[in-house]
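In: quick one, structure for this:
(one chain, ligands or ions: 1)
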Amino acid sequence: MAGSTSPIWLGQQRGVPGSGGLADLVDTAKIGRRTDAAWSELKPTLERLVNGLNARSVLEIGGGRHPFLGLEEAERNGFRLAVNDLDAEELKYAPSGYDRVVFDVARDIDRDVIEMGAYDLVFSRMVFEHVRDARKAWSNVRDLLAPGGVGLAFVPTLYSPPFVLNRLMPEVLTSRLVSMLDRSRNAAEIPKFPAYYQACRASEESLRPFLMGLGFREVCVVPFFGTPYFPRIPVLAQVARAFDRLAEARDWRVFASYAYIVARK
Ligand SMILES: C[S@@+](CC[C@H](N)C(=O)[O-])C[C@H]1O[C@@H](n2cnc3c(N)ncnc32)[C@H](O)[C@@H]1O
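Out: Residues are numbered from 1 along each chain as shown. A predicted model of the protein is given here:
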């Protein structure tokens, strides 16, 4: 990986755009702050990271049956792409051609199934809210990364009201609610997994001590505001939208709905 251990990284201001640090590598200035941007900007953000890191090997954690990056993108950009999941059955549905690695990111990883310290970019989408041990999961990301490599987790965050409810309510109820609110979802194609939201927060203040304590040297968090999950009840929906806009304008990270949590080893 080019430039990963260059001393240019050493004195930079952490998480501040324009300082040449991780925020510039992620290019936070290009990413909007509404929830729809969280979904639409993920691919361009990963591509910027791949290019900025000159990444040669990329691993998706919890890619399941729908790996996020395509093999043609990997070929075009010249990197090796592996996809992981806890569930071998989920991986079986994934299109052919990916390197597949089955392990639980939140437990000890068998070093025979994957090479540690070998990945320039390790990313996940809608996975880390499901892990029961976020400390172990992020420690594993650190160990999977090459020096200077970057881990990115795209997660829903607390204390966005729908996710607080999802955390507190029994799974049978929330599964039913989600399929009522989002008719495009069905258990066969997009199953709902229990969520714990450990370390799923949208601010550097809450995550930096945790991640730097695990040995990451830079942390950058991109928050997103607005939730798709409020009911289509007129007044309630308007109040929710107004609240989301206020939270965004005031940068109330505690009420953000999603985040890219990015950490550099
Ligand atoms: C909500 S799905 C998201 C799938 C895909 N990343 C996406 O965005 O469509 C969560 C996926 O993470 C996997 N998963 C959950 N916990 C995991 C863990 N501890 N280690 C690895 N994969 C995990 C699940 O099996 C499932 O495929």
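
In: residues touching A106, list them.
Out: V131, R132, D133, A134, K136, A137, N140 (Cβ atoms under 8 Å, 6 or more residues apart in numbering). (C-beta placed from N, C-alpha, C; glycine too.)

In: let's see that with 10 Å instead.
Out: By Cβ atoms under 10 Å, 6 or more residues apart in numbering, A106 lies in contact with 61, 86, 127-128, 130-140, 196, 198.

In: start to end distance for stretch 31-49?
Out: Distance across stretch 31-49, first residue to last, is 13 Å (Cα to Cα, to the nearest Å).

In: is any part of that stretch close to the ligand?
Out: No. On the criterion Cβ under 6 Å from any ligand atom, stretch 31-49 is out of touch with the ligand, staying 9.2 Å away.

In: tell me how far that stretch lies from the chain's centre.
Out: From the chain centre to the centre of stretch 31-49 is a distance of 11 Å (Cα atoms, centre = their mean, to the nearest Å).

In: quick check: mean pLDDT across it?
Out: Averaging pLDDT along stretch 31-49 yields 95.

In: sorry, back to before: list only those of the contacts of A106 flagged as buried.
Out: The neighbour-count test (16 or more other Cβ atoms under 10 Å) marks 61, 86, 127-128, 130-131, 133-134, 136-140, 198 as buried among the contacts of A106.

In: after the helix or strand of the chain with the lowest mean pLDDT, which helix or strand is next?
Out: One helix or strand of the chain scores below all others by mean pLDDT, DSSP states H and E: helix 171-181, with a mean of 70. As assigned by DSSP states H and E, the chain's next helix or strand after helix 171-181 is helix 204-213.

In: and that following helix, what's buried?
Out: Under 16+ other Cβ under 10 Å, the buried positions of helix 204-213 are E204, S206, L207, R208, F210, L211.

In: the helix or strand hosting L46 - contacts with which helices or strands?
Out: Element membership for L46, per DSSP H and E: helix 42-53. Secondary-structure packing of helix 42-53 (3 or more Cβ pairs under 10 Å, 6 or more residues apart in numbering; DSSP states H and E): helix 22-26, strand 57-61, helix 71-77, strand 119-125, strand 145-156, strand 258-264.

In: and of those, who's closest to the ligand?
Out: Ranking the helices and strands packed on helix 42-53 by proximity to the ligand (Cβ to the nearest ligand atom) places strand 119-125 first, at 3.8 Å.

In: that closest one: partners in the sheet, and parallel or antiparallel?
Out: strand 57-61 (parallel), strand 145-156 (parallel) (DSSP bridges).

In: wondering if that strand reaches the ligand at all.
Out: Yes. Contact of strand 119-125 with the ligand (Cβ under 6 Å from any ligand atom) involves R125.

In: quick check: mean pLDDT of that strand?
Out: Mean predicted confidence for strand 119-125 is 98.

In: just give the nearest non-adjacent residue to the closest residue to the ligand within the stretch 151-265 of the chain, would you?
Out: Across the stretch 151-265 of the chain, the shortest distance to the ligand (Cβ to the nearest ligand atom) belongs to F193, at 5.2 Å. Nearest non-adjacent residue to F193, counting by Cβ to Cβ, 6 or more residues apart in numbering: H130, 4.9 Å away.

In: right, I'll leave it there.
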